[in-house]
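J.: Could you look at this predicted model? Sequence included:
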Amino acid sequence: MIILIIIILMFGYLHASEKIETIGNEKTTEALNQLNQKIKYLNNRLKLRKHALQSNTPREDQDWDALDALDEKIQALEKEKILNHNDSLDKQINELKAIKNDFLEGVDEEKFFEVTGFNQKDLYQKENLDIYRLEQKKYEDFYKIHGLDEKILYLIKRFQIVPDYCFDENGSPNKNYLKLEKVESFNGFGTEALFFLKVKYKKSEDFKLLYVIKVPKSGEIKGEIKGLMFSRALLPGLWKIKGIPQIKFHEKIFLTRNKVKIGYKNVAFIFLHAAKGMPWNTYYATEKSTEKLKEGFFALGRAYGLFERHFLRGNWEKPETLYTMTFLDAHPGNVFYDPKTKKFSWIDISSLGKSAAVYYKKAQKDDFTRLGSTLSAISHPYRKQKDYYQALLDGYFDAFNDLNEEQQKIVKKLVLDYLKNDKNWEN
């Protein structure tokens, strides 16, 4: 009798196990069918997106849709691999990851974006962009200081921005090693004040410009920080483009508040790391050779032209649709020139990030994406110096010599018309 009961129980267990396995297989099959349908849909979508990206049509948000589709497809295949124990999918998954890298590097461009669009999580990383919020309780000494220059000296010392020997035992700046100069002649759109921080290292004979310190107007602070974060996301791609100005970027931002008659006013001190060489306006003021200046202006114009040429998009049959990425703040104080290497560098690139945001919305009629906007920023101070201005224009248009003759004429007309009517940089 006992043996019979055991046999019945075993049969029941085996039957139940078989039923459970069948139900499990049915669920797995259903899940796989859904995944396969999704993969088929994503695959078709991906083909369309890739075709659009490789075509000569203007870039749109479809680029990032394609990247999203790739991510979804890779994830779906990885799930299928796990559910179905199918290691043969590794090859397909790796191929798709390689395609994703192609998208990230740009199918029709040299390395441009290493982030998928403006991903806030990536953009707000602190890499190369140190943000310090100075709370009054913790930094009481700072809030007792009134002058901007004195506040800056406090920040320099407190956050060890320069070597210790730049300050004496009493905490006062040692003028033999440290200079903080206010740029009196500067007149920026959204800037309240500008300073040069210069340091003389012990092994050096001359002072070296270490930081350009910018105090933006209160209403511009948020836009400045957001623009710098967008710009940082662009850097891996911009560093790969040959011929354009190099970009120096290791910024420090100090966020503070000043007490005013009614309430408080936000104040920011943005420490923009200087680049090799000297600001272009300094080089222009000190270089005595006319020929060297002409050569410099030509090279400067070409570097600016190569930047706008690289990102040029639109329909040539409708010239009004042509647009590019620009650096609206590329004035002579924000471009550095190293006479030894004959290389240019840009600093203070927040407006470049703002341009990128507009560029990806395909806003052709906006100054942030208008062909010639970068050139306009550098050209205004020199328009009355005809030889230098012409050298600047010649260099700029030389960057477009890979286009056919008709396209070059279109570029020239658009840019010259814009420069003629642009009043942004006139005093």
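T.: Perfect, I can see it now.
J.: Quick one: the helices in the protein, in order.
T.: 2-54, 62-84, 90-105, 120-123, 140-143, 148-158, 221-238, 280-286, 290-310, 350-359, 373-379, 386-398, 405-421 (DSSP state H).
J.: I'd like to know which of those has the weakest mean confidence.
T.: Lowest mean pLDDT within the helices of the chain: helix 120-123, at a mean of 36.
J.: Can you give me the distance of Leu77 to Tyr165?
T.: Leu77 sits 60 Å away from Tyr165, going by CB to CB, to the nearest Å. Heads up, the C-betas are built off the backbone N, CA and C, glycines and all.
J.: wait, what's in contact with Ile378?
T.: Trp280, Leu300, Gly301, Tyr304, Ala330, His331, Pro332, Val335, Leu392 (CB atoms under 8 Å, 6 or more residues apart in numbering).
J.: where's it relative to Phe249, distance?
T.: 19 Å.
J.: how about the nearest residue to Asp402, chain neighbours excluded?
T.: Arg309 (7.8 Å; CB to CB, 6 or more residues apart in numbering).
J.: number of nearby residues for that neighbour?
T.: Using other CB atoms under 10 Å, Arg309 has 21 neighbouring residues.
J.: That one against Asn401, yeah?
T.: No. Checked against CB atoms under 8 Å, the pair Arg309 and Asn401 is beyond contact range at 9.4 Å.
J.: returning to what we had before: mind telling me the two of the contacts of Ile378 farthest from one another?
T.: Gly301 and His331 (14.3 Å; CB to CB).
J.: Who has more neighbours out of these two?
T.: Legend: neighbour count by other CB under 10 Å for Gly301 and His331, higher for Gly301 (25 against 21).
J.: tally of neighbours for the nearest residue to the more buried one once chain neighbours are set aside?
T.: Residue nearest to Gly301 in three dimensions, not counting chain neighbours: Gly395, with 2.9 Å by CB to CB, 6+ apart. By other CB under 10 Å, 23 other residues sit near Gly395.
J.: residues in contact with Gly395?
T.: Phe297, Phe298, Ala299, Leu300, Gly301, Arg302, Ala303, Tyr304, Gly305.
J.: Now distance to Pro245 too, for those, in a markdown table please.
T.: Shown next, in a markdown table, are the contacts of Gly395 (distance: CB to CB, whole Å):
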| residue | distance to Pro245 |
| --- | --- |
| Phe297 | 14 |
| Phe298 | 14 |
| Ala299 | 10 |
| Leu300 | 9 |
| Gly301 | 12 |
| Arg302 | 11 |
| Ala303 | 5 |
| Tyr304 | 8 |
| Gly305 | 11 |
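J.: Among those residues, the buried ones, what's the ChimeraX command?
T.: This is how ChimeraX selects the buried members of the contacts of Gly395, with burial counted by 16 or more other CB atoms under 10 Å:
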select :297,298,299,300,301,302,303,304,305
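J.: Would you check that Ala399 makes contact with Leu312?
T.: No. Applying CB under 8 Å, one finds Ala399 not in contact with Leu312, separated by 10.1 Å.
J.: of these two, who's got more company?
T.: The residue with more neighbours, out of Ala399 and Leu312, is Ala399; 21 against 15, by other CB under 10 Å.
J.: residues touching the more buried one, list them.
T.: Here Ala399 is in contact with Gly243, Gly301, Arg302, Ala303, Tyr304, Gly305, Leu306, Glu308, Arg309 (CB under 8 Å, 6+ apart).
J.: For those residues, could you give me JSON lines that also reports distance to Ile213?
T.: JSON lines is the format used below for the contacts of Ala399 (distance: CB to CB, whole Å):
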{"residue": "Gly243", "distance to Ile213": "30"}
{"residue": "Gly301", "distance to Ile213": "29"}
{"residue": "Arg302", "distance to Ile213": "31"}
{"residue": "Ala303", "distance to Ile213": "26"}
{"residue": "Tyr304", "distance to Ile213": "25"}
{"residue": "Gly305", "distance to Ile213": "31"}
{"residue": "Leu306", "distance to Ile213": "30"}
{"residue": "Glu308", "distance to Ile213": "29"}
{"residue": "Arg309", "distance to Ile213": "33"}
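J.: Quick one: neighbours of Leu148, just the number.
T.: 18.
J.: what's the answer for the one 4 residues further on, then?
T.: Residues near Ile152, counting by other CB under 10 Å, number 23.
J.: That one contacts Ala268, correct?
T.: No. Contact criterion CB under 8 Å: Ile152 and Ala268 do not qualify, at 11.8 Å.
J.: Can you give me the domain boundaries for the protein?
T.: The record's domain parsing of the chain by automatic domain parsing lists 2-105, 126-273, 282-421.
J.: Pick the most buried one from these.
T.: With neighbours taken as mean count of other CB atoms under 10 Å, the domains of the chain reach their highest mean count in domain 282-421, at a mean of 19.
J.: ok, and the closest non-adjacent residue to Ser376?
T.: Per CB to CB, 6+ apart, closest to Ser376 is Asp422, 4.9 Å.
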